[in-house]
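*Asks:* take this sequence and fold it.
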Amino acid sequence: VRICGRGMIDGSDYPAWNQAGSYARVPIDLKHSRNVTVEGISIVNANCWNLNSFSCRDVTIDNVKIISGRQNGDGFTFQSCTNHTVTNCFARTWDDSLVIKNYAGSTRGITFRNIQVWTDLAQSMEIGYETDKGLTLDPEISDVLFEDITVLYNFHKPVISIHNSDDAYVHDIVYRHIVVENAFMQGDNGYNKELIEMTLQNSSWSTVRDEFGSIDNVLIDGLTVLHAAEDRVPASRLSGQGKKNRITNVTLRNVTILGKPITTLKDMRLSIDEYCDGITIE
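*Replies:* Residues are numbered from 1 along each chain as shown. Alright, predicted model coming up:
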């Protein structure tokens, strides 16, 4: 299947999905599909998620533009998918911009490359919170690449985040050549001021509440922040859950914030709890 343009899908006529009498109308909603290409179109003002893929494999998305100011207006959002590539795209979203979750099985082989995002409320590059909503055996999220991503603005929650709120094994995640032009996170009035956040924690989105997973082998290679709130290095946080549920082997390399190369975890303002091992900066 090929969905191509030029062309525009405009959801402005639909009221918010959570209003009485309305429901979520996702402009492009792929489910249980394979060998799909989406290219050259624009998606504007959807009343919920914009481009969704659920339990699909071998999907290519190229030169797609998203502008969404609605609640739950996630940009490119994939659940339990395999072999997806998103390139040469743009997303301005009220909610998460680039999102990976597990709803009915594991996720493997996802690439986001050469994308510009503007995130008004939530995370710019998010894995989680739902990592085992389908209650599957030994769920994983692995082999994910975010490369050549420019974050034009991020106003609220973390730019880079892995929120493992269920029991998945999240591993082999790479962020390469990430430029954050404006990291205007504020911390004084309930806003999240973190640049990077990786956690094992229950949340309101958790399905599995009696077990936790792990995060392992994460590489951030080439992270540049040009401007930040109060002209200071934004804080970052890594938090595990216990002796068996840890965050391990996270490497930060070639980090420059506000024109200064960052060579120590202290300069990075990175807080790490006792359930993290092998956290290094080069």
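
*Asks:* center of the chain, which residue is that?
*Replies:* Glu126 (1.7 Å; Cα atoms, centre = their mean).

*Asks:* against Asn63, how distant is that one?
*Replies:* Glu126 sits 22 Å away from Asn63, going by Cβ to Cβ, to the nearest Å. Bear in mind the C-beta positions are built from the backbone N, C-alpha and C, glycine included.

*Asks:* next: Gly242.
*Replies:* Distance from Gly242 to Asn63, by Cβ to Cβ: 44 Å.

*Asks:* neighbour count: these two, which is higher?
*Replies:* Asn63 (17 against 10; other Cβ atoms under 10 Å).

*Asks:* so the more buried one makes contact with Ser42?
*Replies:* No - at 9.7 Å, Asn63 does not count as touching Ser42 under the criterion of Cβ atoms under 8 Å.

*Asks:* does the residue nearest to the centre of the chain lie in a helix or a strand, and which?
*Replies:* In the assignment (DSSP states H and E), Glu126 maps to strand 125-129.

*Asks:* contacting residues around that strand?
*Replies:* 96-101, 112, 117, 141, 144, 146, 149, 159-165, 170, 173, 175, 178, 203, 205-206 (Cβ atoms under 8 Å, 6 or more residues apart in numbering).

*Asks:* give me the buried subset of those.
*Replies:* Buried members of those, scored by 16 or more other Cβ atoms under 10 Å, are 96-101, 112, 117, 141, 144, 146, 149, 159-165, 170, 173, 175, 178, 206.

*Asks:* what about Val1, neighbour count?
*Replies:* By other Cβ under 10 Å, neighbour count at Val1 equals 10.

*Asks:* then Cys48?
*Replies:* 24.

*Asks:* for it, what are its contacts?
*Replies:* Neighbouring residues of Cys48 by Cβ under 8 Å, 6+ apart: 17, 24-26, 70, 72-73.

*Asks:* and of these, the nearest to Asn254?
*Replies:* The closest of the contacts of Cys48 to Asn254 turns out to be Gly73 (Cβ to Cβ; 32.4 Å).

*Asks:* contacts only, for that closest one.
*Replies:* 46, 48-50, 93-95.

*Asks:* run the last query once more with 7 Å
*Replies:* 46, 48, 50, 93-95 (Cβ atoms under 7 Å, 6 or more residues apart in numbering).

*Asks:* report the buried members of the contacts of Cys48.
*Replies:* Among the contacts of Cys48, those classed as buried by 16+ other Cβ under 10 Å are 17, 26, 70, 72-73.

*Asks:* and the two most separated of the residues you listed?
*Replies:* Val26 and Arg70 (11.6 Å).

*Asks:* what do these two both touch?
*Replies:* With Cβ under 7 Å, 6+ apart as the test, Val26 and Arg70 both reach Ala46.

*Asks:* what residue ranges in the protein score low on pLDDT?
*Replies:* Residues of the chain that meet the criterion pLDDT under 70 lie in 185-192.

*Asks:* run a quick neighbour tally on Arg113.
*Replies:* Arg113 has 17 nearby residues by other Cβ under 10 Å.

*Asks:* do the same with Lys65
*Replies:* Considering only other Cβ under 10 Å, Lys65 is surrounded by 17 other residues.

*Asks:* quick check: beta-bridge partners of it?
*Replies:* Per DSSP bridges, the residues bridged to Lys65 are Ser42, Phe90.

*Asks:* isn't it right up against Phe90?
*Replies:* Yes - using Cβ atoms under 7 Å, Lys65 is in contact with Phe90, at 4.6 Å.

*Asks:* surely Pro27 and Gly11 touch.
*Replies:* Yes - contact criterion Cβ under 7 Å: Pro27 and Gly11 qualify, at 6.2 Å.

*Asks:* nothing else from me, thank you.
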